[in-house]
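> Build the 3D model from these lines:
(5 chains, ligands or ions: 4)
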Amino acid sequence: MMPLLTVRNLSVTYPTRTGLVEAVRGISFDLGRERLGIVGESGSGKSQTGRAIMGLTPPPGIVKADALSFSGIDLLKAGPATWRDMRGSRMAMILQDPKFSLNPVMTIGRQITETLRHHENVTKREAQRRALDMLEAVQIADPERVFGLYPHEVSGGMGQRAMIAMMLVCGPELLIADEPTSALDVTVQLEVLGILDRLVRDKGMGLVFISHDLRLVSSFCDRVLVMYAGRIVEELATADLGSATHPYTRGLLDCTPKIGESRHPLPVLERQKEWAA
Amino acid sequence: MGGVTIRIENLSVTFDGFRALSSASISVDKGESFGLVGESGSGKSTLLRAVAGLAPVSGGTIEVNGEMLSGNRRSRAFRRAVQMVFQDPYASLHPRQTVDRQLLEPLAIHGIGDSDKRILKALDEVGLGPSFRFRYPHQLSGGQRQRVAIARALIVEPEILLLDEPTSALDASVQAEVLNLLEEVRSRHGLTYVMVSHDLGVVTHMCSRLAVMKSGEIVETLSSVDLAGSRMVSDYTRRLMVASKGFTREAV
Amino acid sequence: VTPADTLVEGFAIDDIISLDPGEAFELSAAEVTGNTYSLLVRLDLDDTTKVKGDVAESWTVSDDGLTYTFKLKPDLKFASGNPVTAEDVAFSVERLIKMDKSPAFLFGQFGLNGDNVTEKVKAVDPLTVSFTVDKPYATSFVLNVLSSTAGSVLDKKLVMEHAKAVTPSEEYKWDTDFGNDWLKTNSAGSGPFKVVTWKANEAVVLERNDNYFGELAKLKRVIYRHMKESAGQRLALENGDIDIARNLEPGDFDAAAANPDLDTISAPKGTVYYISLNQKNPNLAKPEVIQAFKYLVDYDGIGATLIKGIGEIHQSFLPKGQLGAIDDKPYKFDVAKAKELLAKAGLADGFTVTMDTRNTQPVTGIAENFQQTLGQAGVKLEIIPGDGKQTLTKYRARQHDMYIGQWGSDYFDPNSNAETFTANPDNSDEGKVKTLAWRNAWDPKELDAETKAALLEKDAAKRAAMYENLQRKVLESGPFVVIYQQIEVAAYTAKLKGFKLGPSYDTNLVASISKE
Amino acid sequence: MTDPSSPAPISWRDWLLTAEPHSRRQASLGRAYVTWRRFSENRLAVTGLLIILALVLVAIFADLLAPHSATTGNLAGARLLPPGSPDFLLGTDDQGRDILSRLLVGSRITLAVVALVAIIAAPVGLLIGTVSGFAGGYVDAVLMRITDIFLAFPKLILALAFVAALGPGIENAVIAIALTSWPPYARLARAETLGVRNSDYIAAVRLMGASPARIVIRHIMPMCLSSLIVRVTLDMAGIILTAAGLGFLGLGAQPPLPEWGTMIASGRRFILDQWWVATMPGIAILIVSLGFNLLGDGLRDALDPRESGR
Amino acid sequence: MLATTYLGLLAVTFFIGRVVPIDPVLAIVGDRAPTAVVERIREEMGFNLPLWQQFLIYLRQALTGDFGTSVLTTNPVMTDIVRVFPATLELATVGTLIGAGLGVPLGVVAAVRRGSIADQIVRIVGLIGYSVPIFWLGLLSLLLFYAKLKWVAYPGRLDVAYEYTFTPITGLYLVDAAWTRQWDVLWDAFRHIILPGTLLGYFSLAYISRMTRSFMLNELGQEYIVAARAKGLSERRIIWFHALRNAAVPLVTVIALSYAGLLEGSVLTETVFSWPGIGLYITNSLQNADMNAVLGGTIVIGSVFITINMLSDLLYRLLDPRTRAK
Ligand SMILES: Nc1ncnc2c1ncn2[C@@H]1O[C@H](COP(=O)(O)OP(=O)(O)OP(=O)(O)O)[C@@H](O)[C@H]1O
Ligand SMILES: Nc1ncnc2c1ncn2[C@@H]1O[C@H](COP(=O)(O)OP(=O)(O)OP(=O)(O)O)[C@@H](O)[C@H]1O
Ligand SMILES: [Mg+2]
Ligand SMILES: [Mg+2]
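Ligands and ions are numbered 1, 2, ... in the order given. Prediction:
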């Protein structure tokens, strides 16, 4: 079967005052209808990877790749119209913080129907119905009420659900979730993950899940890419995480304190120059 | 070790009619490391800030080192004895001042001389060389900044350190370094810690006892050992505990 | 483009505060009242030392020189249609005196006051008025005063219809305002025009009075449109937005003169521009300093530039055209001479003085030039600018060092200027007669007496000689540096016919103007 | 690669840009240098700076530069000469004075006005704003009410009324402009103060026992400073224009002072035939206020990266 | 809060009115009045009472909309202001319409094409607008468009031919003329207002376009814009709907401020263009020591300022759901 997403030697660079910043440096991976996690420390290029795939690299960023294709479509050659057709309907992205990623002056309902009406030729009433269904699907207890609320009127967890509803209402085949839960409380975090999990399972989407929390990723995804300084340093199935070989991955696994474990002092990561090379 | 150093009874804090903390009571022994956990908005920071005199206390008592504190006035001795480290290393250092200036400030306020030596010593203690002395915060990484914040707290040789999520803004790998540093400093100086975190792992790692908070109230107080052994009373604590283990399909 | 039946004048009319002849005392207001009201007698524009009858047909003076009897022309009508009677004339004077506004003093000079005015000015029969004065003044003086706008004949019936009742008080003993409030913005006269509206700082609109007893005005409407700036007036004139530009400065006047589509006109006015030296200032009180300053005005330079066309260098206080006016010009710009005089006064190193100057041209320009020329003799001049009211407040309080300004005759008689430049009965700060001499704390005792004498001199030639003498003395030692006499200029579209300027503002008559 | 035999002479640029400064001076110079570099990349901003520098130099050396007297002219011989006349590069005015000389000397007045207003208004605004924002509550309410009242006034008209009351003159114009200029600074400073008042670094110094005065002066004011400087620089142009406007209405600088606005007002009378008399000072005002605006714009980008967007 | 601001306004104006060294009496009786008359009027006007008494009287009158009588026009000041204010309002409105109508799109384009030629042009146009003395530009433009090209009319609001035949209804001549279908009057009014209106519009444009640019840059950098792109919306919709709708919230205040600014900035423009509005009224009164009129005018403009600010606050609240009262 052809992979849903193919990334070959993707790099993202930003020309700045102080020279080129290489945010992503030649990464390659394939994604099927599965959950792929990307982990790495802050600044390792996770978000840039996700955005490059969605064609959302802001200027003056330069995206280069040997191949970047989504279910057979060459994204490198896609024009604005192709992108517009694809984004939101076939591929979607969830951003980290609902507080900032929902338009503050539009009701939640409107933001969801907007996606729908933009991509599908539906009546207002139909759009509204589907939006309400979607809100229900993300386990919002009172969809009618939430439909008419503004983003500032809902809690973080609720906002994140609305965001998910907005992105998934057209039923995309690929979903990129960029730290979708890191702004949320642990307990809420799990609920949101549960929703994502169910949607992926039910609809057979491909999911790229970006996080800096290795523990979370390992418990949620099927496969993990470990990034360091813009490169993939290791790629593993979550089941094999225990046998990770790269010292960076090992370090990440070790250095978080866990309940009921007593290691004083905690092992720390000794960064090696050659990891970044 | 001995004696209670912080005793808080029935403490309430109200912001413009909103009760952020209601009837919270804890006591912390000298030399102990005490943890506060709970979800966002549960009043953890508010509790710490109330001790520091940065929150509008509306009821209850706070006693530190045998001194009853009233209102937001604090004695000079208190100001030296109690220091705080904040969550966000990006926000807790003055962006327009060099590390040197920031470390000098407490010395100047308390009229402590010999500043050069003290600054270098404090930097050394948190594992930063003298080359960091004249840098600005933006020239430092998050972990380094948090070290500077810790150095700033230590430079006046306090007895009590209030730590408000000192590592939650840091990467896991850096977090470990900072946690190790905090432990090391505590054992070296015999400090008392009150540490806030939403990460149960971090709290149990650092603290012997902890209080679990929910919407401004203390749900329960228990030891880390009990927590690890799942010997908790409240459901809420259990939920937190499960959640902190990561995602499991069954859990939801 | 202006309408064919309407005359539009660009004119700085911001000085108008009222159009009531019993109250108005401003130059632009005088022009409006001059065109809207008739007088008993009016200045003869062909020989300005004489007057001729307006509503009066003839008059006689009693032998003791105290009683004047006027016979009115018959069948005259006001603009309202009411007949013009002797009673209206008497009422007009009574009203003037009783209201006691600014121009009241003109008739007050004849010994009239609120209590005796009905006695002294009265209608003998419907067409005869008698007028009694307290001293045997020179006849020309009395008639000249009567020809001022204060002597306008008002329509008693119409005015009293609009009168408002007032409660009498200590200061104002009458129970009516004599229609003052209404007349501020309206007219009740028998002149060739009547007032339609006056919008302060915007416009005065006049309309033809079809009941006028003389030759009817050629145009239906006259609009004085307020325009302060010379350049703006010229611009509007060139673009055809106004027909006449009234406040042109030399450059713009020259340009208008050179423009084939425009015509220009000029007429000397009874206004002199002078700099005065407050004698309270010990430096300025020195006779040598007074002299020196008279040598420090660049008469030729100013004449050739700043006032070119709009003024004529003139050094004595009586404007040309008035009885006894002389044209002596003993002073020339002479720094060396001035320095010498200053040295004699013990001020060889110069000194600093201030001069209050109002913010209008060409006064500021002259002041600035004077500042430079004084500087050449080592005198440092600080110009204290202000608007008219500010400088005047200070001037009247005798708080200035120097003042530059103009003096326009209140009526077309030499006494007006002679009195103000030379009379000063009480030089103390409490002095009641606040003439220019008083304002500058100048106390020329013998000149004061000469002025009084001239007022009673019946023989015109002798009277003229007395004024000549007065002028020479002031020229010699008076603390007034008279610089020039104003020439009023105007530029107008060549389409206009019959436009003339009179010797005073109230004689700038517009009835004769027509458009092609 | 540097030659190992001779210790690499580090360039002053590296010295400034080092991540590890060795002294306070080096650190602050380095910071200033970074700001300068960011600033100097903006060509327009540098142009603005050059204009202002030129203004300052001209003001200092006006007496040497001016070919003629700025106050004494030649009424008979050199009145209203057009630009390019021999000896009178920019022509002469109605008093026969050299316009170039007047412009050069007039730069002093312009400079003095903006400097004075900045010296009076900015510190007052800064003080009121920071105190108000930091103290909060009652103090804040009272101070802000006063500020609001002054803000509610139409600025130019208030200045007009003040000048009318105090008498025309450049000193009074300065006072009037200063009186009407401080409220925005107070607002700005207060907003900045509110922004940082609850920040952790202020909490940290408060916790150390720093007195309110110390916190305001040493920690809060420096935070307001950069946006204040930007604002003041941008306002300079407005101040110049207001002063010129007052001059134009005859309420500003008085003769023979060669204030540019006053010069326009008097040149206005000759605008039809001798356009240069009013045009030259207008160009001077335009250039100088443009200079301040360019400078302020550049400073904003350099000092206040937030404003410049990402 | 409104009340205290207003009270402060009155106090300051009163203070100004009483420190003025111009003798207000002179303004009433004229330049050449004899001293006795001057003294009599002084007492009639109550200028000999103690200051606080004068203030109380002043306050009571001002609160009932009575600012006394203008000695210059002999009308109650309020009557005068009601007459001249529409002129200023009309001018400022035309200016704001031009300024906002062009400024907002220009600002948006500049923000979207940040750093491009278009951005630079908008920037330069704006900077010049900030830097040029309005009265000077007014003079030069009059010289060009009126004197030389004869494209526009000057001075005043209408040609004399119409001025005394046309009866205004609202005082906004453009509106009145259109309302009564007097097309020739409308055209004439247009020819008069176009130059000063464009000039004011330019100044407002300079300000509005720069602020729009800055707000738009801010909004375009927000995460919700990324989210909107991720939804597949077109750039046009993202810019003109999502970003601008958010930028509109602070922009309303800016436009309101600039509108209020034009109302007062009219002092210089009206002087240059002989526009018979409140600015000219105040300057004229000022020069004639007509303090009643000056202070009345100042208070009215101040009140309009306060009102506009209040309205813009209200509008702000209406536009921003975060501050909208529930
Ligand atoms: N517009 C830009 N210009 C220059 N450099 C950029 C830009 N955007 C991102 N970068 C750089 O790209 C690198 C990767 O950034 P990215 O956002 O992908 O990190 P991340 O792994 O998502 O980190 P985090 O966990 O903090 O979100 C960083 O070093 C960052 O500084
Ligand atoms: N200055 C303040 N004004 C008003 N409300 C406040 C203020 N500070 C805190 N609160 C409220 O008090 C409650 C408790 O806040 P607190 O900061 O103590 O929570 P927390 O447990 O530290 O949460 P977090 O984990 O997000 O830091 C919250 O609901 C918060 O909104
Ligand atoms: Mg990221
Ligand atoms: Mg907290």
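
> so how far is chain E from residue C:337?
Look at residue C:337 and chain E: by Cβ to the nearest Cβ, to the nearest Å, they are 35 Å apart. C-beta: built from backbone N, CA, C; applies to glycine.

> and that residue, what does it touch?
Contact analysis of residue C:337 by Cβ atoms under 8 Å, 6 or more residues apart in numbering or on different chains lists C:292, C:295.

> Quickly find the element holding the closest residue in space to residue E:134 that isn't next to it in sequence.
Nearest non-adjacent residue to residue E:134, counting by Cβ to Cβ, 6 or more residues apart in numbering or on different chains: residue E:268, 5.4 Å away. In the assignment (DSSP states H and E), residue E:268 maps to helix E:244-273.

> Pull out the buried positions in the helix or strand residue D:26 falls within.
Using DSSP H and E, the element containing residue D:26 is helix D:24-40. For helix D:24-40, burial by neighbour count (16 or more other Cβ atoms under 10 Å in any protein chain shown) applies to D:26, D:27, D:28, D:29, D:30, D:31, D:33, D:34, D:38, D:39.

> So is the helix or strand following the helix holding residue E:268 next to chain D?
Using DSSP H and E, the helix or strand that follows helix E:244-273 in sequence is helix E:278-287. Yes. Helix E:278-287 comes into contact with chain D (Cβ under 8 Å from any Cβ of the partner chain), by way of E:282, E:283, E:286.

> Which single one of the residues you listed is nearest to chain A?
Within these, the smallest distance to chain A is 40.1 Å, found for residue E:282 (Cβ to the nearest Cβ).

> Find the nearest non-adjacent residue to the closest one, please.
The shortest distance from residue E:282 to any non-neighbouring residue, by Cβ to Cβ, 6+ apart, is to residue E:297 (4.2 Å).

> ok, so what distance separates that neighbour from residue E:9?
As defined by Cβ to Cβ, to the nearest Å, residue E:297 lies at a distance of 12 Å from residue E:9.

> for residue C:91, same thing?
Distance from residue C:91 to residue E:9, by Cβ to Cβ: 47 Å.

> what residues are up against the nearest residue to residue A:143 once chain neighbours are set aside?
Of all residues not flanking residue A:143 in the chain, residue A:135 sits nearest, at 3.8 Å (Cβ to Cβ, 6+ apart). The contact partners of residue A:135, by Cβ under 8 Å, 6+ apart, come to A:108, A:112, A:143, A:146, A:147, A:161, A:162, A:165.

> Helix or strand: which one has residue A:135?
Using DSSP H and E, residue A:135 sits within helix A:124-137.

> do the same with residue E:299
Going by DSSP H and E, residue E:299 is in helix E:291-319.

> Next, the buried residues of that helix.
Neighbour counts using 16+ other Cβ under 10 Å place E:291-306, E:308-309, E:312, E:315-316, E:319 of helix E:291-319 among the buried residues.

> Give me the angle between it and helix E:278-287.
150 degrees (axes from the mean of the first three to the mean of the last three Cα atoms, to 10 degrees).

> orientation of helix E:291-319 relative to helix E:244-273 in degrees?
For helix E:291-319 against helix E:244-273, the angle by the same axes, to 10 degrees is 160 degrees.

> for helix E:291-319, packing partners?
Counting contacts by 3 or more Cβ pairs under 8 Å, 6 or more residues apart in numbering or on different chains; DSSP states H and E, helix E:291-319 is packed against helix D:137-152, helix D:155-166, helix E:2-19, helix E:24-29, helix E:77-112, helix E:244-273, helix E:278-287.

> before we move on, the earlier item: state the next helix or strand along the chain beyond the helix holding residue A:135.
As assigned by DSSP H and E, the chain's next helix or strand after helix A:124-137 is helix A:143-147.

> re the thing from before, what's the closest of the buried residues of helix D:24-40 to ligand 2?
Nearest to ligand 2, judged by Cβ to the nearest ligand atom, of these is residue D:31 at 31.7 Å.

> and stretch B:153-165, does that touch chain A?
No. Judged by Cβ under 8 Å from any Cβ, stretch B:153-165 stays clear of chain A, getting no closer than 13.0 Å.

> So for that stretch, mean pLDDT?
For stretch B:153-165, mean pLDDT rounds to 92.

> can I get the CA coordinates of it in PDB?
C-alpha atoms of stretch B:153-165 as PDB (Å, rounded to 0.1, in the frame of the first residue of the first chain):
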ATOM      1  CA  ALA B 153      17.600  33.500  45.900                       C
ATOM      2  CA  LEU B 154      20.600  31.900  47.500                       C
ATOM      3  CA  ILE B 155      22.800  35.000  47.600                       C
ATOM      4  CA  VAL B 156      21.300  36.300  50.800                       C
ATOM      5  CA  GLU B 157      21.700  33.000  52.500                       C
ATOM      6  CA  PRO B 158      18.000  32.300  53.100                       C
ATOM      7  CA  GLU B 159      16.500  29.500  55.200                       C
ATOM      8  CA  ILE B 160      13.400  28.900  53.300                       C
ATOM      9  CA  LEU B 161      13.000  28.600  49.500                       C
ATOM     10  CA  LEU B 162       9.500  28.900  47.900                       C
ATOM     11  CA  LEU B 163       9.600  27.100  44.600                       C
ATOM     12  CA  ASP B 164       6.800  27.800  42.200                       C
ATOM     13  CA  GLU B 165       7.000  25.200  39.500                       C
END
